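Chemist: Need a 3D model of the sequence below.
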Amino acid sequence: MSVSIFDSFLTTPDAIAAFDDAAIVGAMFRFEAALARAQAEQGLIPAAASSAIAGVCKAELYDIPALITAGRRAGSLAIPLVKELTKTVALYDEAAARHVHWGSTSQDVIDTAMVLVTRDALQLLDDGLQTLSAHLLALADDHLATPVLARTLMQPAQVTSFGFKAAGWLAPLVRARASLRAAAERALQLQLGGAVGTLSVMQEHGGAVAERVAAQLGLKVADAAWHTQRDEWVRLGLEVAVLTGSLGKLATDLALMAQGEIAELAEPSGNGRGGSSAMPHKRNPVSSMIALAVARRTPQHAAALLACMDQQHERGLGNWQAELAEWPLLFLSAHGALNALNDAFAGLTVDRERMLANIAALKGLVFAESASSYLAGAIGRPAAHTLLEGLTVRVTAENRPLDALLQDAIKGDAQLAAHVDLDHLATLFDPVAALAPARRLAEGQLQALRARMAALDAITPFRK
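Modeler: Numbering: from 1, shown residues only. As a prediction, this is how the structure comes out:
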């Protein structure tokens, strides 16, 4: 397919190739060849005709730009394609030419072709997800004991484990990989219905022909033609959109943690990557930028698919055509984001010292809840909360750490001093000790994710 220079910036050559003109036209010819063979096997057309038709169902034999131009005038790419195929078959066997595209309709050809190229695109996404998931799993394993600030409403909240945070990035990607496969299992179906979905020309042989065509193409046989019943197909597209949203979430966190003032993470640099035309010191997070740009555009493509579902009667007028144009953009976007983030996480820099420094810079404020909960056992929750609330104000005013102010308050209060273990209190301000709950959760989560990833890796559903 033809994309603008700015579109190509946000995707990959492989994704573009999956939906380019040659790929789609080639898939249309695969359908026509499979249809002729199936009909010959079923005894509906002569075997010689099937061979003649299949022998010239090769995209390289045709002027694809001319087919596209003619398709605009005809209202469907399939019309000039079938016409040129018929002419080409007739050059070798005039009798065989009468059997080209017999009993089928234009939408059968195009929808099935889109299913075939979409299967190839899904393999790209599945491969990209496998790689990115492996990066994130390794990252989570390596940093279970690495303290990092958790942030809520863009503000420091508490200390968590960086491994726990990475597990949070990983989980939706594993779910997305499984969900895409499940949606594809339902949506990657042969389209073969004839003029109005009834296969009337092939009469009682229609079902058997469909079985044979589907077997050749490695597709599922639909319960009925889905010319204007697009629910399973659109659900697959929406799963791609949800995946892209999850990649956008990951890119958002990565970009925020890579900000110079935070500097806890950094994307790879060097060889011109992430540089600036004006500022030599810049290390821009270009992978995050690509994934975020893609995520911004995806909701509109998903909405367009939904808007195209109200197709008229047995053949859509305008909405099916709009869906065809929108469909590849979802996959191009998702693969662009996956590829960019794989580049980032393959060479990600994790600055543990900076993570600790950012925690220390808050002078113990992020441990206030833990300290309050501990003191509640001695003086009750309301009093403990009031005490800590007052001390947190003094941290900023006096530029003193919370733990020092709290120890002074305890030493000056006989009731507190009698019930508080200062050594235990000190552990509440230890970042490594504070991440223990997050680590426990992450270890259980990673064990389950690792098992699910292994099960997904063991099967390759899109390689036919």
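Chemist: What is the burial count for residue 454?
Modeler: If you count neighbours by other Cβ atoms under 10 Å, residue 454 ends up with 9. C-betas here are computed from N, CA, C, even on glycine.
Chemist: for residue 161, phi and psi?
Modeler: Dihedral pair for residue 161: phi -90, psi 130, per degrees, to the nearest 10.
Chemist: Do I have it right that it meets residue 442?
Modeler: Yes: counting by Cβ atoms under 8 Å, residue 442 is a contact partner of residue 161 at 5.8 Å.
Chemist: between those two, which one's more packed in?
Modeler: Comparing residue 161 with residue 442 by other Cβ under 10 Å, the one with more neighbours is residue 161, at 28 against 25.
Chemist: Which strand residues bridge the more buried one?
Modeler: With DSSP bridges applied, residue 161 shows beta-bridge pairing to residue 147.
Chemist: what about it, distance to residue 148?
Modeler: The gap separating residue 161 from residue 148 is 7 Å, by Cβ to Cβ, to the nearest Å.
Chemist: Distance-wise, check the closest residue to residue 441 other than its chain neighbours relative to residue 176.
Modeler: Excluding the flanking residues, the one nearest residue 441 by Cβ to Cβ, 6 or more residues apart in numbering is residue 164, at 6.2 Å. Residue 164 sits 20 Å away from residue 176, going by Cβ to Cβ.
Chemist: How about residue 266?
Modeler: Going from residue 266 to residue 176 by Cβ to Cβ gives 26 Å.
Chemist: Figure out how far the lengthiest helix in the chain is from the centre of its chain.
Modeler: Identified as the longest helix of the chain according to DSSP state H is helix 106-142. How far helix 106-142 lies from its chain's middle: 8 Å, per Cα atoms, centre = their mean, to the nearest Å.
Chemist: Check which helices and strands it is in contact with.
Modeler: Helix 106-142 is packed against helix 13-18, helix 21-41, helix 78-92, helix 162-187, helix 231-257, helix 319-346, helix 436-457, with contacts defined by 3 or more Cβ pairs under 8 Å, 6 or more residues apart in numbering; DSSP states H and E.
Chemist: On the three-state scheme, residue 76 is what?
Modeler: The three-state assignment at residue 76 reads coil, by DSSP: H, G, I helix; E, B strand; the rest coil.
Chemist: Tally up the residues packed near it, please.
Modeler: Other residues near residue 76 come to 18 when the count uses other Cβ under 10 Å.
Chemist: ok, now residue 364?
Modeler: Residue crowding around residue 364 was assessed by other Cβ under 10 Å; the count is 21.
Chemist: for residue 287, same thing?
Modeler: Per other Cβ under 10 Å, the neighbour tally for residue 287 reads 27.
Chemist: residue contacts, it?
Modeler: By Cβ atoms under 8 Å, 6 or more residues apart in numbering, the contact set of residue 287 is 251, 254, 267, 340-341, 343-344.
Chemist: mind redoing it with 6 Å?
Modeler: By Cβ atoms under 6 Å, 6 or more residues apart in numbering, the contact set of residue 287 is 267, 340-341, 343-344.
Chemist: Looking at those, which one is closest to residue 81?
Modeler: Distance to residue 81, by Cβ to Cβ, is smallest for residue 340 among the contacts of residue 287, at 35.3 Å.
Chemist: Which residue lies nearest the spatial centre of this structure?
Modeler: residue 243 (3.0 Å; Cα atoms, centre = their mean).
Chemist: surely it meets residue 176?
Modeler: Yes: with contact defined as Cβ atoms under 6 Å, residue 243 counts as touching residue 176 (4.2 Å).
Chemist: Output the below-cut-off pLDDT ranges for the stretch 1-150 of the chain.
Modeler: Residue ranges of the stretch 1-150 of the chain with pLDDT under 70: 1.
Chemist: can you rerun that using 90?
Modeler: The model of the stretch 1-150 of the chain has pLDDT under 90 over residues 1-4.
Chemist: now the residue nearest to residue 17 when sequence neighbours are not counted: how far from residue 302?
Modeler: Closest residue to residue 17 apart from its sequence neighbours, by Cβ to Cβ, 6+ apart: residue 23 at 6.4 Å. As defined by Cβ to Cβ, residue 23 lies at a distance of 23 Å from residue 302.
Chemist: re earlier: I'd like the helices and strands packed on helix 106-142 as TSV, with distance to residue 398 appended.
Modeler: Shown next, in TSV, are those (distance: least, Cβ to Cβ, whole Å):
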stretch	distance to residue 398
helix 13-18	57
helix 21-41	68
helix 78-92	77
helix 162-187	31
helix 231-257	30
helix 319-346	41
helix 436-457	30
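Chemist: Residue 405: which of the ones you listed is closest?
Modeler: Among the helices and strands packed on helix 106-142, helix 436-457 comes nearest to residue 405, with 24.4 Å by Cβ to Cβ.
Chemist: Summarise which helices and strands the closest one is packed against.
Modeler: On a contact count with 3 or more Cβ pairs under 6 Å, 6 or more residues apart in numbering; DSSP states H and E, helix 436-457 meets strand 155-161, helix 162-187.
Chemist: at 10 Å instead, please
Modeler: Identification of packing neighbours for helix 436-457 by 3 or more Cβ pairs under 10 Å, 6 or more residues apart in numbering; DSSP states H and E yields helix 106-142, strand 147-152, strand 155-161, helix 162-187.
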